[in-house]
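# Attaching a predicted model along with its sequence, questions to come.
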Amino acid sequence: MKHLKKCLCILFVAAMSLSFTSLLSAEKRSAYGPQSKQFGAGLYLGEPTGFTLKGYPTERLAFDGILAWSFVDKSFTIIGDATYDVYEIPVKSSVITLPLYAGGGLKIAIHGGTDRPIVGLRIPVGVSVQFIRHPIEIFAEIAPGVGIAPATEFDLTGGIGTRFYF
């Protein structure tokens with residue numbers, strides 16, 4: 001079980017490292033994200049509750065991750081998603097933008113008393129408030145999904161959160 005946890009953490013870090021490439025080559029591309037920042041970190045409150053990271057390697061494509069505790073499943077949960085800003089909700093404001101996003105991802109829940117993690121697919125859909133003059137994002141999402149191992153069953157996660165971009 002210890003080796004499985006290490007492997008899962010390594011996979012998560014590797015997936016999130018794709019987001020860090022945007023930090024290294026920010027001068028070469030046009031700016032995007034809140035206050036033209038491309039990487040953010042913050043809190044995720046809901047099911048599960050924990051920490052969230054998000055990076056924009058392109059203008060509309062983002063990779064995000066959640067490291068959290070599920071109070072429903074009583075498990076440590078790792079979530080990795082690729083999302084796409086499909087539509088920007090029109091607002092008459094020079095302060096915020098409202099991108100609507102959707103995507104796909106993977107959820108891995110590790111129970112303390114068992115050797116087998118729960119693995120599932122998810123489809124996050126949400127809206128975020130991205131401030132133009134401040135490096136802050138507030139978001140709400142819902143993610144229906146399906147558990148694929150050890151059993152096939154419906155799964156629902158979601159929550160609200162905030163990220164600070166740097």
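Perfect, thanks for sending it.
# what pairs with residue 76 across the strands?
As for beta bridges, residue 76 partners with residue 69, residue 110 under DSSP bridges.
# and it, what is it in contact with?
68-70, 109-110, 112 (CB atoms under 8 Å, 6 or more residues apart in numbering). The way it works is simple: take the backbone N, C-alpha and C, and place the C-beta from them, glycine included.
# redo that, cut-off 10 Å
Counting by CB atoms under 10 Å, 6 or more residues apart in numbering, residue 76 touches 5, 8, 48, 50, 67-70, 108-112, 117.
# now those as a markdown table including pLDDT?
Output for those, formatted as a markdown table (pLDDT from 0 to 100):
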| residue | pLDDT |
| --- | --- |
| 5 | 54 |
| 8 | 49 |
| 48 | 97 |
| 50 | 98 |
| 67 | 97 |
| 68 | 97 |
| 69 | 96 |
| 70 | 92 |
| 108 | 95 |
| 109 | 94 |
| 110 | 92 |
| 111 | 84 |
| 112 | 71 |
| 117 | 89 |
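# Would you mind giving those residues as JSON lines with distance to residue 58 and neighbour count added?
Listed next are those as JSON lines, based on distance: CB to CB, whole Å; neighbours: other CB atoms under 10 Å:
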{"residue": "5", "distance to residue 58": "32", "neighbour count": "14"}
{"residue": "8", "distance to residue 58": "26", "neighbour count": "16"}
{"residue": "48", "distance to residue 58": "27", "neighbour count": "24"}
{"residue": "50", "distance to residue 58": "26", "neighbour count": "19"}
{"residue": "67", "distance to residue 58": "24", "neighbour count": "17"}
{"residue": "68", "distance to residue 58": "26", "neighbour count": "24"}
{"residue": "69", "distance to residue 58": "31", "neighbour count": "14"}
{"residue": "70", "distance to residue 58": "31", "neighbour count": "20"}
{"residue": "108", "distance to residue 58": "26", "neighbour count": "20"}
{"residue": "109", "distance to residue 58": "30", "neighbour count": "23"}
{"residue": "110", "distance to residue 58": "31", "neighbour count": "19"}
{"residue": "111", "distance to residue 58": "36", "neighbour count": "15"}
{"residue": "112", "distance to residue 58": "38", "neighbour count": "8"}
{"residue": "117", "distance to residue 58": "31", "neighbour count": "21"}
